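[1] just the structure for this:
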Amino acid sequence: MPQTADHRPTPNASGRTAKRPDAGNQVSKKSLRNSVAFNLLCVLACLAAIIMLTLGGLRIYTRHGQEIEVPDLKGMTTEQAVSTLDKAGLQAWIDDSVYFKQLPPNTVYAQSIMAGSKVKEGRTIRLTINTAQPPTVPLPDIADNSSEREATMRLTALGLKLTAPEYIKGEKDWVYGVKVEGRNVAAGARIPSTASVTLVVGDGTYYDEDVEQIQGLSTDDSLQIIDDTPEEEFSPSSHSPVNAPSAY
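    Numbering: from 1, shown residues only. Okay, here's the model as predicted:
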């Protein structure tokens, strides 16, 4: 019978069995694979930690999830509204003003963000305040410069209220002056937007007295009366106030 080769390891001189040459390579490769996997896990763990720290920092910086309910400020005084917002961690900014005579002065008329809304800490709430005094507007140049119709249109466009005209002798429907609360006011003066304005208007009877004086007289006598009449009496500008003091 043919003899088969014996592949069993033979003992060396020391009596120990010699290892196969490829066994060491297999162990080395396995250790390398384990080392790569470990390093990869370490890298992934570091990345996860960085992401978690970043998200946590952003949540703290932006105060994510921390919201404040906006209080109802309408009707509060300006000082009360500012104090209330400050205690809630919000900011106040007086953005505009209005005037309503029936409302308490220096109180909040409106707020930019509705009461009950949720906002982040530090948010600015803009306030509209009802002032104690009405706003003023400049009086346009209408005295001795416009008709009653034109003057009325310009004044009402400013939101001013007009009373019945005050008539004087002069060219019909010509405006000779402007009065506010009974006082003459010059062009350019600032007057309250709620003031009552009265126009001083000619009634069209400017020459009545002169006509009465010459009725029934001869031509020469009539001409003499006209020649003796000062020229400024025939000028419409003589009825307009000059440098009228401002009422305000």
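
[2] could you use CA atoms for every contact and neighbour count after this?
    Fine.

[3] quick one, strands of this structure?
    With strands called from DSSP state E, the chain shows them at 68-69, 91-98, 107-111, 118-119, 124-130, 136-138, 161-162, 166-168, 175-180, 183-184, 190-192, 196-202.

[4] how is this structure carved up into domains?
    25-65, 68-130, 136-239 (automatic domain parsing).

[5] can you redo those domains as a markdown table with mean pLDDT?
    Converted to a markdown table, the domains of the chain look like this (pLDDT from 0 to 100):
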| stretch | mean pLDDT |
| --- | --- |
| domain 25-65 | 73 |
| domain 68-130 | 93 |
| domain 136-239 | 80 |
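
[6] turn those domains into a markdown table, including mean neighbour count.
    Below are the domains of the chain laid out as a markdown table (neighbours: other Cα atoms under 10 Å):
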| stretch | mean neighbour count |
| --- | --- |
| domain 25-65 | 12 |
| domain 68-130 | 17 |
| domain 136-239 | 16 |
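
[7] sorry, back to before: closest to residue 47 out of the strands of the chain?
    strand 118-119 (33.1 Å; Cα to Cα).

[8] output the contacting helices and strands for that closest one.
    Using 3 or more Cα pairs under 8 Å, 6 or more residues apart in numbering; DSSP states H and E as the contact definition, the elements that strand 118-119 packs against are strand 68-69.

[9] how about the closest residue to residue 151 other than its chain neighbours, what does it touch?
    Spatial nearest neighbour of residue 151, excluding adjacent residues (Cα to Cα, 6 or more residues apart in numbering): residue 142 at 5.9 Å. Contacts of residue 142 were listed using Cα atoms under 8 Å, 6 or more residues apart in numbering, and they are 151, 175, 177, 178, 187.

[10] ok, residue 166 next?
    Residue 166 is in contact with 198, 199, 200, 201, counting by Cα under 8 Å, 6+ apart.

[11] I figured the last one hits residue 152, correct?
    Right, the one you point to is residue 201. No - contact criterion Cα atoms under 8 Å: residue 201 and residue 152 do not qualify, at 11.4 Å.

[12] tell me, what's touching these two both at once?
    Common neighbours of residue 201 and residue 152 (Cα under 8 Å, 6+ apart) do not exist.

[13] and the helices in the protein, which stretches?
    Ranges of helices in the chain, per DSSP state H, are 23-62, 78-87, 148-157, 208-214, 219-228.

[14] check contacts around the nearest residue to residue 190 once chain neighbours are set aside.
    Excluding the flanking residues, the one nearest residue 190 by Cα to Cα, 6+ apart is residue 138, at 4.2 Å. Residue 138 is in contact with 187, 188, 189, 190, 191, counting by Cα under 8 Å, 6+ apart.

[15] quick one: the residue nearest to the last one when sequence neighbours are not counted from residue 158, how far?
    Beyond its immediate neighbours in the sequence, the residue positioned closest to residue 191 (Cα to Cα, 6+ apart) is residue 136, lying 5.1 Å away. Distance, residue 136 to residue 158, by Cα to Cα, to the nearest Å: 10 Å.

[16] which residues touch residue 198?
    Applying Cα under 8 Å, 6+ apart, the residues contacting residue 198 are 162, 163, 164, 165, 166, 178, 179, 180, 181, 182.

[17] same check, this time on residue 158
    By Cα under 8 Å, 6+ apart, the contact list for residue 158 reads 137, 193.

[18] what of the one 10 residues further on?
    The neighbourhood of residue 168, defined by Cα under 8 Å, 6+ apart, consists of 200, 201, 202, 203.

[19] kindly recompute the last result at 10 Å.
    174, 175, 176, 200, 201, 202, 203, 204, 205, 206, 239 (Cα atoms under 10 Å, 6 or more residues apart in numbering).
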